[in-house]
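Visitor: Just need the structure, nothing else, for what follows:
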Amino acid sequence: LAPVEEASLIVARGTFTICDGTTTIDKNVDASEYETALTTALKKAAERRLPMLVTNPDKVRPDEGLPPMPGAIGDAYAAALGGDHDDVSLLIRRIGKPFAEVYELALNNNGRALDRSKACMIGDALETDVTGGSKYGITTVWVVNDGIHGPTVAEHASLEDGTKEVLQQFNSKTKTYAEGRVLTPTVIVPHFRW
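Guide: Here you go, the predicted structure:
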């Protein structure tokens, strides 16, 4: 680890601490100091045009207040780099759902591709879980009440009304990993119980 002034790569793997090799700033100890440090680090990194590896593209966690995940840091870095320019997508590499590499790894058995029709993506987030499964052509199971969309769905008279509204809102957005794809989960369930 090194200060951003000396770094050759930024790794966004969590959202509660910033570590530069000598100092660690914990969001749970001082949220204001953390936000200042994050903004400053992203600005300095953008000035140097450093590449960033986002190890979990999820943007929020299904906890109270929907706290940010590494995908949100990737978005903040993209903004610091200047937005939607071609080189921004070259500087920020996101690995994990909804991107194809994670599905290719999961459905690879010692070099032999497994049958996609026998796989499904189960998750709570439309933007990563359902988008990824949909893009990769596998069955998707959207778990609603236990995830990030649960509070919004609960505001409606029924699960059906709530999921329709959330899907409509999501599908109307243009700046998502779905890239304009209209999502229709294969299965919608209120809870996932094992």
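
Visitor: make it CA atoms for all contacts and neighbour counts henceforth
Guide: Noted.

Visitor: For the chain, which segments count as strands?
Guide: With DSSP state E applied, the chain shows strands at 10-12, 17-19, 24-26, 52-54, 92-94, 108-109, 112-113, 120-123, 139-143, 187-189, listed in chain order.

Visitor: These into CSV, with extra columns for mean pLDDT, distance to G74 and mean neighbour count?
Guide: Listed next are the strands of the chain as CSV, based on pLDDT from 0 to 100; distance: least, C-alpha to C-alpha, whole Å; neighbours: other C-alpha atoms under 10 Å:
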stretch, mean pLDDT, distance to G74, mean neighbour count
strand 10-12, 92, 7, 18
strand 17-19, 83, 14, 17
strand 24-26, 87, 19, 15
strand 52-54, 95, 6, 22
strand 92-94, 94, 7, 18
strand 108-109, 84, 28, 11
strand 112-113, 84, 31, 10
strand 120-123, 94, 21, 19
strand 139-143, 97, 24, 22
strand 187-189, 96, 29, 14
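
Visitor: just checking, what packs against the longest helix belonging to the chain?
Guide: Assignment by DSSP state H gives helix 31-48 as the longest helix of the chain. Applying 3 or more C-alpha pairs under 8 Å, 6 or more residues apart in numbering; DSSP states H and E, one finds that helix 31-48 contacts strand 17-19, strand 24-26, helix 70-81.

Visitor: pLDDT (mean, whole number) over that helix?
Guide: When pLDDT is averaged over helix 31-48, the result is 91.

Visitor: Figure out how far it is from the centre of its chain.
Guide: Here the centre of mass of C-alpha atoms in helix 31-48, compared against the chain's by C-alpha atoms, centre = their mean, to the nearest Å, lies 20 Å away.

Visitor: contacts for that helix?
Guide: Outside helix 31-48, the residues that touch it by C-alpha atoms under 8 Å, 6 or more residues apart in numbering are 4-5, 17-18, 25-27, 76-77, 80-81.

Visitor: if we take the residues you listed, which one ends up nearest to E160?
Guide: A76 (33.6 Å; C-alpha to C-alpha).
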